[in-house]
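Q: Build me a model from this:
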Amino acid sequence: MHKDRSLRALLREATHDQHIRLHKHPLLATIMQPNHQLSDYHKLLLAYFGLYQFVEARIQQYLNNETVNFSYNERYKLPWLVNDLAFFHITPIACNNLSLPVLNFPHITSLGQLVGILYVLEGSTLGASHMSLKLAEQHSLTSDTGSCFFSGYGNKTQHYWQQFIAFSDTLSGDIQQCQEALKAACQTFELFSAILDQALPQHQTLAS
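A: Numbering: from 1, shown residues only. Below you'll find the predicted structure:
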């Protein structure tokens, strides 16, 4: 690992292949297609509900016990998913029967791990803005009507991303923390893919 490289660059390089594979996942890729079905969107929202409920509980637990120069208070995404599911009259407790994959996903014990996990979550929010345009075009969904999660931070999305990158790059040069960030980011991408795979019908496979 080159200690003179930014952590952002290291994270991008380490997760590149996983990022591409996740981007091609059927539940995400079909949003960009003209024949996208709302039923598939509902599956995606339910899968993400289980995912973010799990991961953000880990984030909150760490932030409750550590002093960190970064606020996640306005970034919690689980409430966005609750709003979207409520719009479609879907109760996640009753309908989401996805179980979390048995993965070695860590409890967060270091700043590096936190940054690695947030890199995936905040990057996902950044990329979701493109999908929100398709959801609006195909299904007339908006941040108030079923697309709160994919609308993200709205016109503040780029600003929030830059804030996170500035925070993450404070660890650049700390080899131990960077290694922990890279490992946690890869584990988070793995968790995303595994949970979305569970939400697929049995006969459907990953897009090539």
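Q: alpha carbons only for contacts and neighbour counts from here, please
A: Will do.
Q: what's the burial count for residue 155?
A: Residue 155 sits with 10 neighbouring residues when counted by other Cα atoms under 10 Å.
Q: Next up, phi/psi of it, please.
A: The phi/psi pair for residue 155 (degrees, to the nearest 10) reads phi -70, psi 0.
Q: Model confidence for it, exactly?
A: Looking at residue 155, its pLDDT reads 92.
Q: try the one 4 residues further on
A: For residue 159, the model assigns a pLDDT of 95.
Q: Residue 87 against residue 145, yeah?
A: Yes - Residue 87 is within contact range of residue 145, at 6.4 Å (criterion: Cα atoms under 8 Å).
Q: can I get the CA coordinates of stretch 111-127 in CSV?
A: C-alpha atoms of stretch 111-127 as CSV (Å, rounded to 0.1, in the frame of the first residue of the first chain):
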residue,chain,number,x,y,z
LEU,A,111,-12.4,4.6,12.4
GLY,A,112,-11.0,2.8,9.4
GLN,A,113,-13.8,0.3,9.4
LEU,A,114,-16.4,3.1,9.7
VAL,A,115,-14.9,4.9,6.8
GLY,A,116,-14.9,1.7,4.6
ILE,A,117,-18.5,1.0,5.3
LEU,A,118,-19.6,4.6,4.8
TYR,A,119,-17.7,4.7,1.5
VAL,A,120,-20.1,2.1,0.1
LEU,A,121,-23.2,3.6,1.7
GLU,A,122,-22.5,7.2,0.7
GLY,A,123,-21.3,6.1,-2.8
SER,A,124,-24.5,4.2,-3.2
THR,A,125,-26.5,7.4,-2.4
LEU,A,126,-24.4,9.3,-4.9
GLY,A,127,-25.1,6.8,-7.7
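Q: May I see the buried residues of it?
A: Across stretch 111-127, burial judged by 16 or more other Cα atoms under 10 Å covers 111-122, 125-126.
Q: Stretch 148-166 too?
A: 148, 149, 150, 151, 152, 153, 157, 160, 161, 164, 165.
Q: Can you list phi and psi of the first one for me?
A: Main-chain dihedrals, residue 148, degrees, to the nearest 10: phi -60, psi -40.
Q: what's the spacing between it and residue 7?
A: Going from residue 148 to residue 7 by Cα to Cα, to the nearest Å gives 30 Å.
Q: Flag the shaky bits of the chain, pLDDT-wise.
A: Scanning the chain for pLDDT under 70 picks out 1-4, 94-104, 201-208.
Q: can you rerun that using 80?
A: 1-4, 93-104, 201-208 (pLDDT under 80).
Q: still on that earlier bit, closest to residue 174 out of the buried residues of stretch 148-166?
A: For the buried residues of stretch 148-166, the closest approach to residue 174 (Cα to Cα) belongs to residue 165, at 15.5 Å.
Q: And the closest residue to the closest one other than its chain neighbours, how far from residue 15?
A: Nearest residue to residue 165, sequence neighbours excluded (Cα to Cα, 6 or more residues apart in numbering): residue 8, at 6.8 Å. Separation of residue 8 from residue 15 (Cα to Cα) stands at 11 Å.
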